[in-house]
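> Model the structure of this input:
(2 chains)
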Amino acid sequence: MKILYFAWLRERVGRTEEEIQPPADVTTVGELIGWLAARGEDYAHAFANPRVVRAAIDRAHVKPDTAIAGAREIAFFPPMTGG
Amino acid sequence: MSEAHPITVRLQEKDFDVAAETAALVRGRQDVGAVVTFTGICRGSDVGEPLVAMTLEHYPGMAEAEIERHVGEAARTWPLLGATVIHRFGRLVPGDNIVLVLTAAAHRRDAFAAAEFLMDYLKTRAPLWKHEDRASGSRWVDAKEADDVAAERWAAARTRRDAAE
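I've put the predicted structure just below:
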């Protein structure tokens, strides 16, 4: 599945997007955040405070307990400041 | 909404023309009695150090989809005859237009309420992020709790309304 990063999450991770294959036991958005955070220091720094991490699956907002099965594109970003 | 009740949602880098967008929304209409126009503008200074420039990052595809969802919800809540939302992205300087919300209805109360609803939701749910440059350095803007509270009161009103029906 494709992962996209925006704003300061993008800066901390050091990439705008990547293709990943999480293991079968990573089934929710929250678990995916935990799995990504463990991949390295940059990821840990980006996901250090999950309370300010928002997520979207296939361009719709989702909650941490949302299942990731079947997702084509998952995006992570900080609280939004448009408008 | 349909061709008779046009919805326009655009994300663009270039400036928008408020008069032209308003004319396009109401052209040839006999049923529109009220058009409310909100323009969000890049402010130079609030408190503290003046802003040099602001850069708006956005999630292409999702920003449009999310704003369209908001407009659809507004159209289900109020009897709108049309709506336009244009949000800019990229580098902006103080005085630049950022966002345009137009709502058209038979009566002003619906047009005002829908415009306020759309702005409250744009501030919290549309995937855009502001990065501000000042002489002393740059930083990402933090989301405001007040904006979340503003957006949530529409949800509370909807819940009350649904319970009453």
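
> all helices for chain A, in order.
Here chain A has its helices, by DSSP state H, at A:7-13, A:29-37, A:41-46.

> Over to chain B?
B:18-26, B:62-77, B:108-125, B:145-164.

> ok so, going back, who wins for proximity to B:His131 among the helices of chain A?
Judged by Cβ to Cβ, the one of the helices of chain A that comes nearest to B:His131 is helix A:7-13, at 7.5 Å. Heads up, the C-betas are built off the backbone N, CA and C, glycines and all.

> Remind me what the closest one packs against, helices and strands.
If contacts are counted by 3 or more Cβ pairs under 8 Å, 6 or more residues apart in numbering or on different chains; DSSP states H and E, helix A:7-13 sits against helix A:41-46, strand A:73-77.

> Same list, these, but as TSV with mean neighbour count please.
Supplementary listing: those in TSV, determined by neighbours: other Cβ atoms under 10 Å in any protein chain shown:
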stretch	mean neighbour count
helix A:41-46	15
strand A:73-77	21
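
> quick revisit: can you check which of the helices of chain A gets nearest to B:Ser138?
Sorting those by Cβ to Cβ, the top spot, which is the nearest, belongs to helix A:7-13 at 10.9 Å.

> Next, the buried residues of the closest one.
Along helix A:7-13, these residues count as buried under the neighbour rule (16 or more other Cβ atoms under 10 Å in any protein chain shown): A:Ala7, A:Trp8, A:Leu9, A:Arg10, A:Arg12, A:Val13.

> Correct me if wrong: B:Asp138 contacts B:His131.
Careful, residue B:138 is Ser and not Asp. Yes - taking contacts as Cβ atoms under 8 Å, B:Ser138 lies within contact range of B:His131: 6.3 Å.

> between those two, who's got more neighbours?
B:His131 (18 against 12; other Cβ atoms under 10 Å in any protein chain shown).

> and the more buried one, bridged to which residues?
Partner residues in beta bridges with B:His131: B:Thr55, B:Trp140, with DSSP bridges as the criterion.

> residue contacts, it?
For B:His131, the set of contacting residues under the criterion of Cβ atoms under 8 Å, 6 or more residues apart in numbering or on different chains consists of A:Ala7, B:Met54, B:Thr55, B:Leu56, B:Glu57, B:Ser138, B:Arg139, B:Trp140, B:Val141.

> Recalculate using a threshold of 10 Å.
Listed by Cβ atoms under 10 Å, 6 or more residues apart in numbering or on different chains, the contact set of B:His131 reads A:7-8, A:11, A:81, B:53-57, B:91, B:138-141.

> Show me what from chain A comes close to chain B.
Of all the residues in chain A, those in contact range of chain B (Cβ under 10 Å from any Cβ of the partner chain) are A:4, A:6-11, A:52, A:54, A:56, A:58-61, A:73, A:75, A:77-83.

> quick one: low-confidence parts of chain A?
In the predicted model, chain A carries no residue with pLDDT under 70.
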